[in-house]
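Undergrad: I would like to see how this sequence folds:
(2 chains)
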Amino acid sequence: MTEIYHAALMALAKSAHGHGRLAVRDATATLDNPLCGDRVTIDVAIAGGRVDRVTQEVKGCALCQASASAIGAAAPGQEIEGLRVVAAALRAFLQTRAPLPEAAWSALAAFAPVAERKSRHDCVLLPFDALLRAIDAALARAAGA
Amino acid sequence: MSFDPARLRAEFPILARTVHGQSLHYLDNGATAQMPRAVLERIVRHESESRANVLRGVHALAEAATEAFEAARATLARYIGAGNADEVVFTNGTTSAINLVAHGFGNNLAAGDEVVVSALEHHSNIVPWQMLRDRRGVVLKVLPVTAEGRIDMTALERVIGPRCRLVAITHCSNVTGAITDVGRIAAAARAVGAALLLDGAQVVPHGPVDVAALGADFYAFSGHKMYGPNGIGVLWGRRERLAAMAPLLGGGEMIRSVSFAETTYADAPHRFEAGTPPIAQAVGMAAAAEWILAQDREGWAAHERRLTGRILDGLALRDGVRVIGPLGLQGRAPVVSFAVAGAHPHDICEVLDQSHGVALRGGHHCAQPLMELLGVSGTTRASLGPYNDDGDVDALLRGLDHALQLLRR
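TA: Numbering: from 1, shown residues only, chains lettered A, B, ... in the order given. Sure, this is the predicted structure:
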């Protein structure tokens, strides 16, 4: 049976936390998955070494939507360096079943069945790659200001 | 000889395997078709008895390999109605065949000359021309498509103008399954003195073609979609067209003489086959052509048409499912793409694979401009071969219902 699309994952995707665009933002990153054409856009506003606000828009599969939704729910207020750790931990979780980070990101456990489907790892990781890209752009902008 | 899909299916060892504990329902033939035992055995026999490099050796194995390689060229020339085997260039596949033309023919073009493609094209028939545009200042023009996913013939005169030097279009869309009315486009190209290149990758798996009757100057296709091995394809070109083209790759096998002062090139086809070619793959591709020719092709076509009709009818009954391509059976290949409201193609493919053993293709199918035009990020595609049967169609439709229930909740 298909275990990837269990109720918790579909609920996370459907809830679409943080969906939309930030009217006032420090940076935007849009990333495409060249294999399937999926597209993720992340807006961020940063303050004091933290991500203050985040929004996401996804044109993609349920896994990509759920991943972006997890970001929308948990990333606001988080320290930037902590988000880098979460993104790396999620990658390790999919690739090697390494443990997931702190409780704020417990929703990421919904991706456990994806670990066995290597061809779908990028669907989950694309929003996190876009988040880090947006953060780096915001930091670069702040450094240049 | 009558067409018996069960007998034919038994010729494909891979179709007997299971995936995820389910029988395999292989409906991704438009990407790669499977190989029958006759082709597999021919490749093994060649590698077991005649493996050697071609064209230069004088020992027995080299003689045998060269003979098999050139016989393969002759077989494939016959398969596409080419007048001369020297017009058949072995390539790595359709993509490299088109790139070869974009380089050799394209480098004879001047800034302002026009190349016309259609909005249906695979990236392999778009990107090489964009690279040529950037290199030579050539203008790239695009024939629009109809709502049914066919090239819009009413635009021919407007788009194919006096500066057009080449029309490069698909013979059959890998997304919509629409077979191109080549005659009208060939006439439009001829009227302005332009050459015609056809991407035949989705046509040759369904039977031989006649490149002369089509009015083409170049015809490109792949081995792995026509029940042969991968890593091999063909560029057919009219002799005078090939003679006017510079080679893309330099090296061994493609020269007449080499000195530090000057190198002269061999004639086609060897001019375009630098280095050791994919010999066993060429032999396997020819074996695949012979295998196709030995089948009851009328029965084969009728069988694929009936199954295609079943898929189209089944999709029409399901809410929120939109066929991307012709809704009827006329002028279409057994390639059916569809978009589903509220469900992504990759999710649909995942459910059908994991839970029903159905192999489909989902995504943009290397046709992103077409996807954008159609207003979808991707489609789900079922593409048939002669070994598919009613059980495969049943599994597809049953699996689709399951996917819709799972993904739309």
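Undergrad: all contacts plus neighbour counts: C-alpha atoms, from now on.
TA: Noted.
Undergrad: and chain B, which residues reach chain A?
TA: Within reach of chain A by C-alpha under 8 Å from any C-alpha of the partner chain, chain B has these residues: B:343-347, B:350-351, B:354-355, B:362-364, B:368, B:377-378, B:406-407, B:409.
Undergrad: go again using 6 Å as the cut-off
TA: Contact residues, chain B versus chain A (C-alpha under 6 Å from any C-alpha of the partner chain): B:344, B:351, B:354, B:355, B:363, B:364.
Undergrad: show me where chain A has helices.
TA: With DSSP state H as the criterion, chain A has helices at A:7-15, A:62-74, A:80-96, A:121-144.
Undergrad: same question, the stretch 51-200 of chain B
TA: Using DSSP state H, counting those that start in this stretch, the helices of the stretch 51-200 of chain B run over B:60-79, B:94-104, B:127-136, B:156-159, B:182-191.
Undergrad: list the contacts for residue 31?
TA: No chain in the question, so chain A it is. Going by C-alpha atoms under 6 Å, 6 or more residues apart in numbering or on different chains, residue A:31 touches A:39, A:40, A:130.
Undergrad: circling back to that earlier point, can you flag which of the residues of chain B next to chain A belong to strands?
TA: Mapping these onto strands (DSSP state E) picks out residue B:363.
Undergrad: got the residues of chain B next to chain A as CSV, with pLDDT and neighbour count columns?
TA: Converted to CSV, the residues of chain B next to chain A look like this (pLDDT from 0 to 100; neighbours: other C-alpha atoms under 10 Å in any protein chain shown):
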residue, pLDDT, neighbour count
B:344, 95, 26
B:351, 96, 24
B:354, 94, 19
B:355, 94, 20
B:363, 93, 24
B:364, 93, 25
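Undergrad: which among the contacts of residue A:31 gets closest to residue B:208?
TA: residue A:39 (40.0 Å; C-alpha to C-alpha).
Undergrad: Now for the residue lying closest to the closest one once chain neighbours are set aside, how many residues are close by?
TA: Leaving aside its sequence neighbours, residue A:39 sits nearest to residue A:32 (C-alpha to C-alpha, 6 or more residues apart in numbering or on different chains; 4.4 Å). Burial of residue A:32 is recorded as 16 neighbouring residues (other C-alpha atoms under 10 Å in any protein chain shown).
Undergrad: And for residue B:216?
TA: Counted by other C-alpha under 10 Å, the residues lying close to residue B:216 total 24.
Undergrad: Please confirm that it is located within a helix.
TA: No - according to DSSP: H, G, I helix; E, B strand; the rest coil, residue B:216 belongs to no helix; its state is coil.
Undergrad: Pull the contacting residues for it.
TA: residue B:196.
Undergrad: which of the helices of chain A sits most buried?
TA: Highest mean neighbour count among these (mean count of other C-alpha atoms under 10 Å in any protein chain shown): helix A:62-74, with a mean of 25.
Undergrad: angle of it against helix A:7-15?
TA: Comparing the axes of helix A:62-74 and helix A:7-15 via axes from the mean of the first three to the mean of the last three C-alpha atoms, to 10 degrees yields an angle of 70 degrees.
Undergrad: and helix A:62-74 with helix A:121-144, angle?
TA: 40 degrees.
Undergrad: Any stretches of chain A with poor pLDDT?
TA: Applying pLDDT under 70 to chain A flags residues A:1-2, A:145.
Undergrad: Next one: whichever residue of the stretch 201-350 of chain B sits closest to chain A from residue B:222, what distance?
TA: Taking C-alpha to the nearest C-alpha as the measure, the stretch 201-350 of chain B has residue B:344 as its residue closest to chain A, at 5.1 Å. Look at residue B:344 and residue B:222: by C-alpha to C-alpha, to the nearest Å, they are 29 Å apart.
Undergrad: Tell me, how many residues neighbour residue B:374?
TA: Residues near residue B:374, counting by other C-alpha under 10 Å, number 14.
Undergrad: Residue B:250 too?
TA: Residues near residue B:250, counting by other C-alpha under 10 Å: 15.
Undergrad: now swap in residue B:306 and tell me
TA: As a burial measure, residue B:306 scores 16 neighbours (other C-alpha under 10 Å).
Undergrad: Assign it to helix, strand or coil.
TA: Judged by three-state DSSP, the three-state class of residue B:306 is helix.
Undergrad: Please apply the same query to the one 5 residues further on.
TA: Residue B:311 falls in the helix class when you classify it by three-state DSSP.
Undergrad: Helix or strand: which one has the nearest residue to it once chain neighbours are set aside?
TA: Computed as C-alpha to C-alpha, 6+ apart, the closest residue to residue B:311 that is not its neighbour in sequence is residue B:393, at 6.6 Å. Per DSSP states H and E, residue B:393 falls inside helix B:390-407.
Undergrad: I'd like to know which elements that helix is packed against.
TA: Packing partners of helix B:390-407 (3 or more C-alpha pairs under 6 Å, 6 or more residues apart in numbering or on different chains; DSSP states H and E): helix B:345-356.
Undergrad: quick one: the helix it packs on to helix A:121-144, angle?
TA: Interaxial angle, helix B:345-356 versus helix A:121-144 (the same axes, to 10 degrees): 150 degrees.
Undergrad: and helix B:345-356, what other elements does it pack with?
TA: Contacts defined by 3+ C-alpha pairs under 6 Å, 6+ apart place helix B:345-356 against helix B:390-407.
Undergrad: what angle separates the helix it packs on from helix B:345-356?
TA: Angle of helix B:390-407 versus helix B:345-356, following the same axes, to 10 degrees, is 120 degrees.
Undergrad: which residues are in contact with helix B:390-407?
TA: Counting by C-alpha under 6 Å, 6+ apart, B:25, B:343, B:348, B:351, B:352, B:356 sit against helix B:390-407.
Undergrad: okay, now the residue of the stretch 1-150 of chain B found nearest chain A: neighbour count?
TA: Closest residue of the stretch 1-150 of chain B to chain A, C-alpha to the nearest C-alpha: residue B:20 (8.6 Å). When neighbours are counted by other C-alpha under 10 Å, residue B:20 registers 13.
Undergrad: Just flag the most distant two among the residues of chain B next to chain A.
TA: Across the residues of chain B next to chain A, the longest distance by C-alpha to C-alpha is 23.1 Å; it joins B:355 and B:364.
Undergrad: that older thread, out of everything not next to it in sequence, what's closest to the residue of the stretch 201-350 of chain B closest to chain A?
TA: Closest residue in space to residue B:344, ignoring its immediate chain neighbours: residue A:61 at 5.1 Å, by C-alpha to C-alpha, 6+ apart.
Undergrad: how close does the one you found get to residue B:79?
TA: 42 Å.
Undergrad: more neighbours, these two?
TA: Shown here are residue A:61 and residue B:79; by other C-alpha under 10 Å, residue A:61 has more neighbours (23 against 20).
Undergrad: on that earlier part again, of the helices of the stretch 51-200 of chain B, which stretch is the most buried?
TA: Highest mean neighbour count among the helices of the stretch 51-200 of chain B (mean count of other C-alpha under 10 Å): helix B:94-104, with a mean of 23.
Undergrad: quick one on the thing from earlier: can the helices of chain A go into a markdown table with extra columns for distance to residue B:389?
TA: Formatted as a markdown table, the helices of chain A follow (distance: least, C-alpha to C-alpha, whole Å):
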| stretch | distance to residue B:389 |
| --- | --- |
| helix A:7-15 | 33 |
| helix A:62-74 | 31 |
| helix A:80-96 | 37 |
| helix A:121-144 | 33 |
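Undergrad: Sticking with residue B:225, tell me its helix or strand.
TA: Under DSSP H and E, no helix or strand contains residue B:225.
Undergrad: Give the burial count for it, as a bare number.
TA: Number of residues near residue B:225 (other C-alpha under 10 Å) recorded here: 27.
Undergrad: swap in residue B:116?
TA: Neighbouring residues of residue B:116 were enumerated by other C-alpha under 10 Å; the total is 25.
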